[in-house]
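1. Sequence and computational prediction follow.
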Amino acid sequence: MNVTAERLELHPLDPCSADELSCSVKILRDSGNLSQNTMFSCGYAAEPPKDLVLGFETGASFDRVVRLIGHDREQGQSFDARVSLTSSQVTTFAWIDDGQAPINSSDYRKMLEVLAANDEWVAALEKRGIEDFSLVHIEPWVAGARPPEMKPNARVFRAIAFLHEHPDDNPYARPLEGLVAMVDVDGGQVIVEDHGVAPIPTDPAEYAADRVPNLRKDLKPLIITQPDGPSFDVDGRFVRWQKWQFRISVQPIEGLVLHDVRYDDDGRERSILYRAALADMVVPYGDASPMHSWKHALDAGEAALGQSANSLKLGCDCLGEIHYFNNTILRPDGEPVEVQNAVCMHEEDYGILWKHTNVLKDEPSPEVRRSRRLVVSMIHTLGNYEYGFYWYFYLDGTIQMEVKLTGMVGVSVTEEATDSAPIVAATMSSPIHQHIFCFRLDFNVDGTNNSVYEMEVEPSPVGDQNPHNSGFRSVGRVLRTEDEAMRNIDPSRSRNWRVVNPNVKNAYGNPVGYKLLPQASSTMLAGEGSLHAKRGGFAKHNLWVTPYAPDELDAAAGPFSNLHSGGAGLPAYTAGNRSIQNTDLVVWHCLGVTHVPRPEDWPIMPVEYAGFTLLPVGFFDRNPSMDVAPASHCHD
Ligand code: CU
């Protein structure tokens, strides 16, 4: 391929084309490092150094590097390689010591083959009265750390199983209780655990529209139209909307990434975020039953969340005038494939932006402005569960992340509820669990060097300034080091974290800033020393702050979390207790949902929400949305 010619049009943050992916796979294969029996977990444009991106001018040349991660089944090891398309060479190649490449569909196919040939597994199915094995749905699960019973280089996953009534039904409605297997998909070793047979539920728990009786008929059409088109402009992956500008990309692990978010403040292009994305997530289960106690999926790092994107459908996933972005990913066999409509972008009306009615006039005189937000979103399916990630940009300088959780909860067959597995249906319980998301927010508030303050509101001390003991005040303290910045939420004190640029002052002499406003979010509930807490160590705190380091870009649980023994990621990054004051810093915000399942979550859980908001605090000198015009029909 002619890389040089293509590069003239490329931005350093542009995604890989199918040709670039194919070309890099060929260069890596030709290098002789890998056997024929190799699968690829992911391939994507390696992110260039920050100074290159920030200083980039259109047409400038740069080294185009593709990162390829995969697993050589013959050599029993995963690899991390970088290929320069500029020099047509493998620039780095490393075998991964602790951890392996993420699971993918080729692992699943291997798992099915290995289990079908395993006498113990077959006997366990027969013991449950199953004759037609084609109706057994085997669900692959990441295993956590490598179980000590398995061989040292095993590529091990766990399997649980369900029984279909027919191939198109709800595959999770009829769990085969008590049956778990550990499967080495490379070496073929299988350890079957059979904890006892339970009756298979009879309720099919169907959810497909053609199988749900009595669908409502009284919802009238609600149509969103923008006769003049949307208000955004898109050039490749670069987006302008109102006073906002940013780039997007989709990474195999992190999913949707925002780059270089800026706001046009009366002609001043002001930076806010250099990069913002999910940095990993963990779903620890609190039920000690042998069917669930081992579950603590790191769905981004272990399962390549970014590659599990749905193709979104107009009028179903998003309403209105939509712009879609496709996403090219690498299949396990090294061939690229394009996911259509992986990212959806559109505008949404969001009620009122601001309002005041002057009632002192003879005729009350209201001034009201409509709020509108730009939505950039993706939805991922990971086995039984769906995660939607929605970035919102508002007219007043606010940015918001909203995670939408839906899909199917995990279930067990039981007659009795416990404190850690409430009943959700007849003879079915669902284990209590958490979904903790860690977002990596590389702030760039009016420049690279920033500091973080913890802000709280507290009662003022009684004295001359507070004679009636009714006063309260806002107090802040700078977080100076990584240790000081390991913090949790405290809604009772309105705790939030303000990222400021101490070198840039607003009109009132205060440093410009943006605050991270958290929602009520628990942290990891699994006990210290548990595998869940060790491998999902980032979930111990709601806040971490680190100085920017290019090799800490990958993930909150470390770059290769699948089968990793634990301790990687944020706990390791922060071990040196580095200074985070007035420097290029990165804020990591961990938040989530502790999910106590309820009958209303079955058979499909209505969307539950989690997220956070970034609000300007003294970044602007006044309400930046005063110039929003009233809707034409609202003003006489
Ligand atoms: Cu849940």
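-> Yes, it's here. Residues are numbered from 1 along each chain as shown.

2. which one is Ser494 nearest to, not counting chain neighbours?
-> Nearest in space to Ser494, with sequence neighbours left out and distances taken as Cβ to Cβ, 6 or more residues apart in numbering, is Val457 at 4.4 Å. (Each C-beta comes from the backbone N, C-alpha and C, glycine too.)

3. quick one: pLDDT of that neighbour?
-> In this model, Val457 is scored at 98, pLDDT.

4. Pretty sure it sits against Gly476.
-> No. Val457 is beyond contact range of Gly476, at 10.3 Å (criterion: Cβ atoms under 8 Å).

5. ok, the residue nearest to Ser494 - how many residues close by?
-> 13 (other Cβ atoms under 10 Å).

6. So for stretch 359-372, what gets flagged as buried?
-> Arg369, Arg370, Ser371, Arg372 (16 or more other Cβ atoms under 10 Å).

7. Could you do stretch 323-334 as well?
-> Across stretch 323-334, burial judged by 16+ other Cβ under 10 Å covers His323, Tyr324, Phe325, Asn327, Thr328, Ile329, Leu330, Arg331, Pro332, Gly334.

8. Just the buried positions in stretch 112-130, please.
-> Leu112, Val114, Leu115, Asn118, Trp121, Ala124, Leu125, Arg128, Ile130.

9. Gly187: which of the residues you listed is nearest?
-> Gly187 has its nearest neighbour among the buried residues of stretch 112-130 in Val114, at 9.1 Å by Cβ to Cβ.

10. what helix or strand does that closest one sit in?
-> Counting by DSSP states H and E, the element that carries Val114 is helix 105-116.

11. show me where pLDDT drops low in this protein?
-> Scanning the chain for pLDDT under 70 picks out the ranges 1-8, 635-636.

12. what residues are up against Val53?
-> Contacts for Val53 (Cβ atoms under 8 Å, 6 or more residues apart in numbering) come out as Pro12, Leu13, Glu47, His259, Asp260.

13. if we can go back for a sec, closest one of the buried residues of stretch 323-334 to Phe157?
-> Among those, Pro332 lies closest to Phe157 (Cβ to Cβ), at 14.3 Å.

14. How many residues are close by Trp617?
-> Quick fix: residue 617 reads Val, not Trp. Counted with other Cβ under 10 Å, Val617 comes out at 21.

15. Verify the stated contact: Ser105 with Pro332.
-> Yes. Judged on Cβ under 8 Å, Ser105 makes contact with Pro332 at a distance of 6.1 Å.

16. quick one on the thing from earlier: just the element for the residue nearest to Ser494, please.
-> Under the assignment here (DSSP H and E), Val457 is part of strand 449-459.

17. Could you check how far Leu34 is from Asp63?
-> 23 Å (Cβ to Cβ, to the nearest Å).

18. Which of those two has more residues huddled nearby?
-> More neighbours surround Leu34 than the other of Leu34 and Asp63, with 21 against 15 (other Cβ under 10 Å).

19. Could you look up the SS state of the more buried one?
-> Per DSSP: H, G, I helix; E, B strand; the rest coil, the secondary structure class of Leu34 is coil.

20. residue ranges of the helices in the protein, please?
-> 3-7, 18-30, 50-54, 105-116, 119-127, 531-535, 570-573 (DSSP state H).

21. between those, which gets nearest to Pro518?
-> For Pro518, the closest of these is helix 570-573, at 16.6 Å, according to Cβ to Cβ.

22. mind listing what's buried in stretch 380-392?
-> By neighbour count on 16+ other Cβ under 10 Å, the buried set for stretch 380-392 is His380, Leu382, Gly383, Asn384, Tyr385, Glu386, Tyr387, Gly388, Phe389, Tyr390, Trp391, Tyr392.
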